[in-house]
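> Got a predicted model here, sequence first, then my questions.
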Amino acid sequence: MVEFESLFNGIYSGKKVLLTGHTGFKGSWLALWLEKMGAFVYGFSLKNTDELNHIELLNLNINEKIGDIRNLDVLQEYFNEVQPDIVFHLAAQALVRPSYDDPIETYSTNVMGTLHVFEACRKTPSVKAIVNVTSDKCYENKEWLWGYRENEPMGGYDPYSASKGCSEILTSSYRNSYFNVNDYGKKHNVLLASGRAGNVIGGGDWAVDRLIPDIVKATAINEAVLIRNPKATRPWQHVLEPLSGYLNLGAALLKKDVTKAEGFNFGPDNNSNLQVGDIVTLSHNYWNDIQIKINENKDEHHEANLLMLDCTKANKALKWKAVWGIDKTISTTINWYKKYYENNDINSLEDLSNYVSDAKAANILWAQ
């Protein structure tokens with residue numbers, strides 16, 4: 001039996017943790033993990049309008065407020081009510097292609113929404129730590145053959161990527177202007193950091209226009225999945241990998257470690273930097289019914305062909321590293337969906353328990 005409350009030195013037990021975007025894919029898994037560690041979990045998010053969504057399947061005992069981070073008054077009212085110890089900001093418009101269709105929503109959510117969250121934190125005395133979750137796409141992607149480091153320039157070709165670069169610049173500005181580490185304990189008691197992760201997969205994601213959800217939704221109705229860019233290379237990882245990084249980072253901030261109030265990459269090892277076509281092939285190993293069809297439309301919006309992260313900083317400064325290789329990541333993910341579609345049941349808690357057990361076996365520091 002996994003002992004969750006002792007993870008991260010037990011720092012989350014009894015803490016008030018506010019998640020923006022708790023109804024999303026990452027947010028729902030993070031809410032599950034925090035609840036199991038004994039945290040009091042509060043969520044602020046738009047309602048998940050997908051026909052299926054993970055947060056409802058989990059049936060967690062959390063306090064939630066359905067609201068839009070673009071509405072500062074409603075957001076601040078909830079912060080005043082909750083008085084959280086730490087905030088994980090995950091609420092976002094999180095997809096590249098829809099950002100072309102509605103750039104105003106993308107920028108207003110990912111930039112102004114983030115600004116509102118930081119302002120709400122600044123005006124809430126209880127807040128001691130903030131982890132802003134952005135993306136590997138925040139970097140100015142030059143299609144390099146090596147991974148991007150945390151000190152690389154921010155940028156972005158498409159509106160989504162650019163909005164995440166803006167969010168990182170905003171994070172740096174608020175850290176310098178209001179949460180400066182040199183003023184910590186004198187002018188403020190808040191530490192602000194950001195987490196940047198690559199393509200995450202795992203059970204419970206039914207968002208449109210994402211590879212694994214597209215595969216399983218098509219397979220469930222015996223249709224071929226349309227693959228847009230089979231040669232695009234991405235850093236693939238199970239959703240629990242970056243979440244362990246965010247939790248590790250948040251724990252350091254709660255311990256008042258000012259050296260961790262920075263940006264950190266959380267990605268897989270180099271063996272998990274694979275092409276889209278490779279992920280489809282591996283997925284087929286665990287669900288033989290998967291069929292594919294290549295999209296021949298050459299007029300699609302621009303998407304990066306190569307993007308990788310250098311996670312040396314997180315490895316050394318946070319003693320963080322990935323737990324699962326690509327085979328375990330794919331098998332765990334596909335088997336989650338198979339169980340859901342065949343038995344109308346989910347494996348989320350079992351997957352989390354297995355992940356923690358494997359981290360313990362690998363002597364990873366946060367799991368000891």
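Noted; the coordinates are in hand.
> Which helix or strand lies directly C-terminal to the helix or strand harbouring Leu34?
Per DSSP states H and E: Leu34 is located in helix 25-36. Next along the chain after helix 25-36, taking DSSP H and E as the criterion, comes strand 40-45.
> That following strand: partners in the sheet, and parallel or antiparallel?
When pairs are called by DSSP bridges, strand 40-45 turns out to pair with strand 16-20 (parallel), strand 63-66 (parallel).
> can you dump the C-alpha coordinates of the helix holding Leu34 into PDB?
The C-alpha atoms that make up helix 25-36 are tabulated as PDB, following Å, rounded to 0.1, in the frame of the first residue of the first chain:
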ATOM      1  CA  PHE A  25      -6.200  17.000 -18.000                       C
ATOM      2  CA  LYS A  26      -3.200  17.900 -15.900                       C
ATOM      3  CA  GLY A  27      -5.300  19.700 -13.300                       C
ATOM      4  CA  SER A  28      -7.500  16.700 -12.600                       C
ATOM      5  CA  TRP A  29      -4.500  14.400 -12.100                       C
ATOM      6  CA  LEU A  30      -2.800  17.000  -9.900                       C
ATOM      7  CA  ALA A  31      -6.000  17.300  -7.800                       C
ATOM      8  CA  LEU A  32      -6.100  13.500  -7.300                       C
ATOM      9  CA  TRP A  33      -2.400  13.400  -6.200                       C
ATOM     10  CA  LEU A  34      -2.800  16.300  -3.800                       C
ATOM     11  CA  GLU A  35      -6.000  14.900  -2.300                       C
ATOM     12  CA  LYS A  36      -4.200  11.600  -1.600                       C
END
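> quick one, what contacts Glu5?
13, 36-38 (C-beta atoms under 8 Å, 6 or more residues apart in numbering). Yep, even glycine has a C-beta here, placed from its N, CA and C like the rest.
> Next, it: phi, psi?
Dihedral pair for Glu5: phi -70, psi -20, per degrees, to the nearest 10.
> looking at the chain, which residue lies furthest from center?
Lys186 (31.9 Å; C-alpha atoms, centre = their mean).
> part of a strand, is that one?
No: assigned with DSSP: H, G, I helix; E, B strand; the rest coil, Lys186 falls outside any strand and is coil.
> Would you list the phi and psi of it?
Backbone torsions for Lys186, taken as degrees, to the nearest 10, come to phi -110, psi -60.
> same thing with Glu143?
The phi/psi pair for Glu143 (degrees, to the nearest 10) reads phi 60, psi 40.
> residues near the closest residue to it other than its chain neighbours, how many?
In space, and not counting its chain neighbours, Glu143 is closest to Leu306: 4.7 Å by C-beta to C-beta, 6 or more residues apart in numbering. Leu306 has 15 neighbours, counted by other C-beta atoms under 10 Å.
> Where does the prediction get shaky in the stretch 251-368 of the chain?
The model of the stretch 251-368 of the chain has pLDDT under 70 over residues 296-305.
> what about the helices in it?
276-286, 312-317, 326-343, 348-361 (DSSP state H, counting those that start in this stretch).
> right, so of the ones you listed, which gets closest to Ser126?
With respect to Ser126, and counting by C-beta to C-beta, the nearest of the helices of the stretch 251-368 of the chain is helix 312-317 at 26.8 Å.
> Give me the contacts around that closest one.
So helix 312-317 is in contact with 149-150, 245, 248, 259-260, 264-266, 320-321, going by C-beta under 8 Å, 6+ apart.
> Out of the helices of the stretch 251-368 of the chain, which is closest to Pro84?
Here helix 348-361 is closest among those (C-beta to C-beta), at 22.5 Å.
> Can you list the buried residues in that closest one?
Buried residues in helix 348-361, defined by neighbour count with 16 or more other C-beta atoms under 10 Å: 348, 351-352, 354-356, 359-360.
> Please tell me I have it right and Thr114 contacts Val133.
No: Thr114 lies out of contact with Val133 (C-beta atoms under 8 Å); the separation is 10.0 Å.
> list residues touching both of those two?
Joint contacts of Thr114 and Val133 (C-beta under 8 Å, 6+ apart) are His89.
> thinking again about what came up before, CSV for the contacts of helix 312-317, including neighbour count and distance to Thr106?
CSV is the format used below for the contacts of helix 312-317 (neighbours: other C-beta atoms under 10 Å; distance: C-beta to C-beta, whole Å):
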residue, neighbour count, distance to Thr106
Arg149, 14, 26
Glu150, 19, 23
Gly245, 27, 24
Asn248, 23, 29
Thr259, 9, 33
Lys260, 20, 29
Phe264, 25, 24
Asn265, 28, 22
Phe266, 29, 23
Trp320, 25, 29
Lys321, 19, 32
